[in-house]
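Engineer: Predicted model and sequence follow; I will ask about them next.
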Amino acid sequence: MPFKWNAFHPNGGYQQKSKPGAEFEEWRGEPDGAKSSEARPAIGGSITSQTYEETEIQKAIAWFTSYLVSERESYFTVGQPLHGEWRESMDGFFEAALLDQVRVVELADRRVANPWFYPAAREKGVRHLPDITHKAAVTFLDVVVFNGKITSRDLFHGLVHAAQVRMLGVTEFTELFVRGFLRARSYFLVPLKAHAFGLDAKFSANPGTQFSVEDEIRAWRRDCRY
């Protein structure tokens, strides 16, 4: 089914204006990589370690958004709702509306491929891009895709990202993620990612003690920690 923005979160909608990869040649033809300033203040603060032109950052955000949306649409049709022990184990940590919406996919004979924009990003000097094929699971908005069997900790981690998307909206989530990655130059140090790791560790240490993931996200957003 097509991604319903307004059905999933309150912050508006995303329209995919061109097929994935359409901007690839456009960005390859621009002057090279690291620049000295940004054109305007932005979500997530300035990128001080290696600064790119604002137009380049916006294209990277558009690529990432396009990738998440297109992959979500592809996997949602084969995804299954949470049920049984997996649903029961996540109740109390996440709002029921999220658990009702999310779909999960277990891949048996293949793995999630790396994004199509990786070659162009590397040409621009972006390093430390995560190898998606080696990740236990990947969240595409409200679909958690597993490179193999579901585990409780990986499911929890994926649902944290789905909750972040639901509460922040796709636009803010993707901008925070891209700017956080360019600023930290590390996938694991992106604040959205680091928060998910911290919360899944808290869950794994004591799965019988419930806490509200949504409240944790609200607190981080309120304190500008993303």
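Structural biologist: That came through, no problem.
Engineer: hang on, isn't residue 78 packed against residue 105?
Structural biologist: Yes: assessed by CB atoms under 8 Å, residue 78 is found in contact with residue 105 at 6.0 Å. Any C-beta I mention is one placed from the backbone N, CA and C, and that applies to glycine too.
Engineer: Which of those two has more residues huddled nearby?
Structural biologist: A direct count of neighbours by other CB atoms under 10 Å for residue 78 and residue 105 places residue 105 higher, at 20 against 12.
Engineer: and the host helix or strand of the more buried one, which strands flank it?
Structural biologist: Under the criterion of DSSP states H and E, residue 105 resides in strand 103-106. Using DSSP bridges, the strands paired with strand 103-106 are strand 80-81 (antiparallel), strand 143-146 (parallel).
Engineer: so which of these comes closest to residue 71?
Structural biologist: Taking CB to CB, strand 143-146 is the member of those nearest to residue 71, at 7.8 Å.
Engineer: ok, then the element right after that closest one?
Structural biologist: Using DSSP H and E, the next helix or strand after strand 143-146 towards the C-terminus is helix 152-168.
Engineer: For that following helix, which helices and strands make contact with it?
Structural biologist: Helix 152-168 sits against helix 84-90, helix 96-101, strand 137-140, strand 143-146, helix 170-184, helix 191-205, helix 213-222, with contacts defined as 3 or more CB pairs under 8 Å, 6 or more residues apart in numbering; DSSP states H and E.
Engineer: let's go with 7 Å and repeat that
Structural biologist: Other helices and strands packing on helix 152-168, by 3 or more CB pairs under 7 Å, 6 or more residues apart in numbering; DSSP states H and E, are helix 84-90, helix 96-101, strand 137-140, strand 143-146, helix 191-205, helix 213-222.
Engineer: Now do the fourth one: distance to the chain's middle.
Structural biologist: Per CA atoms, centre = their mean, to the nearest Å, the displacement of strand 143-146 from the mean C-alpha position of its chain is 11 Å.
Engineer: For it, buried residues please.
Structural biologist: Across strand 143-146, burial judged by 16 or more other CB atoms under 10 Å covers 143-146.
Engineer: The last one now?
Structural biologist: Neighbour-count burial for helix 213-222, with 16+ other CB under 10 Å as criterion, is recorded at 213-214, 216-217, 220.
Engineer: try the first one
Structural biologist: Buried residues in helix 84-90, defined by neighbour count with 16+ other CB under 10 Å: 86, 90.
Engineer: just checking, residue 181 touches residue 188?
Structural biologist: No: counting by CB atoms under 7 Å, residue 181 stays clear of residue 188, with 10.0 Å between them.
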